[in-house]
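Participant: Sharing a sequence plus its predicted fold:
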Amino acid sequence: MSDTKAKLDEIRRMMNSSEVIEGFGLSNEENIHIYGYHPEDEQIVRHFVKKLRDSKLNCNLKVFDLYEIFLSLCEKKKIMKVIPKLEEKKGSKGLFREIQKFATVDAFISEMKYEPHGEKDVILITGIGSAFPFMRIHKLLNAIQPYFSNMPIFVLYPGEYDGHELRLFNCLKANPYYRAFNIK
C-alpha cells in the first residue's frame, strides 16, 4: 500500500514536470506512462484521482474514466434500463456481443476527443478494470495516438505492466503493449 502511495506521488510529480509535459528526451517514442498497481489498491488510486482533480497542477489535467465513458455510451444508446432484460434473453455472451456493436474503440475515442489542445494538457486514463471486458486498454492506446500525439498520457492500470505486456488484475492473459514507459 505505501508503495502505491509513493508511486502515485511520483506520478503527480511527473505531471508537474515541464520535461514530461514537453516530451524532452523522447526520440520518436510515445509519451505514454503506465503505472500497474495491485488491484486491491483500487480505492487508494480512486482517492488519488479525486484529490488530483481538485489540485492545483502545473498542467491542464484531462481525466478520462473508461467506465464513465462506457456508461455514457450505454446512455446514448438508451439501453441502460433494458440491460438486465437483454442479458436474461440473450445470456451474458449475447449481451456482450450487443454492447460490442456500439462500445467500440472509435466510440471511446470519440467521447475523449476535444479541441483545442493546450500546450500543458496531460491525459490521465482511469477506470480500466471497471470497463473490462468492454474496452481493453492496449486496443485503446494503439488507436489513440493520432488524436493525442502532442501530449503525455498517464494510465493507471489495475494489474501488471512490465514494459512489454499488460496483465489485467494480475491474472488474465497478457496482452502485448510496448510503446509506453513503465512507472515501476
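Facilitator: Now that the structure is in, tell me what you want to look at.

Participant: Residue nearest the middle of this structure, spatially speaking?
Facilitator: Geometric centre of the chain, nearest residue: Ile125, 2.9 Å, by Cα atoms, centre = their mean.

Participant: leaving aside the residues next to it on the chain, what's closest to that one?
Facilitator: Val155 (4.8 Å; Cβ to Cβ, 6 or more residues apart in numbering). (C-beta placed from N, C-alpha, C; glycine too.)

Participant: Just confirm that neighbour is within a helix.
Facilitator: No - under DSSP: H, G, I helix; E, B strand; the rest coil, Val155 sits outside any helix and is assigned strand.

Participant: Is the residue nearest to the centre of the chain part of a helix or strand, or is it coil?
Facilitator: Applying three-state DSSP: Ile125 is strand.

Participant: So it sits against His138, correct?
Facilitator: No - applying Cβ atoms under 8 Å, one finds Ile125 not in contact with His138, separated by 11.9 Å.

Participant: hey, what's the residue nearest to the centre of the chain bridged with?
Facilitator: Phe64, Val155 (DSSP bridges).

Participant: contacting residues for it?
Facilitator: Counting by Cβ atoms under 8 Å, 6 or more residues apart in numbering, Ile125 touches 64, 66, 137, 140, 153-156.

Participant: Closest one of the residues you listed to Thr104?
Facilitator: Of all these, Thr104 sits closest to Leu140, with 10.3 Å by Cβ to Cβ.

Participant: mind checking pLDDT for that closest one?
Facilitator: According to the prediction, Leu140 has pLDDT 97.

Participant: Was I right to think it contacts Phe108?
Facilitator: Yes - using Cβ under 8 Å, Leu140 makes contact with Phe108 at a distance of 6.0 Å.

Participant: higher neighbour count, the two?
Facilitator: Ranked by neighbour count (other Cβ atoms under 10 Å), Leu140 and Phe108 place Phe108 first, with 23 against 20.

Participant: Show me which positions of the helix or strand where Ile11 lies end up buried.
Facilitator: Using DSSP states H and E, Ile11 maps to helix 2-15. For helix 2-15, the neighbour count (16 or more other Cβ atoms under 10 Å) marks 4, 7-8, 11-12, 14-15 as buried.

Participant: buried sites along the helix or strand containing Phe70?
Facilitator: In this structure, Phe70 sits in helix 66-76 according to DSSP H and E. Neighbour-count burial for helix 66-76, counted by 16+ other Cβ under 10 Å, picks out 66-67, 69-70, 73-74.
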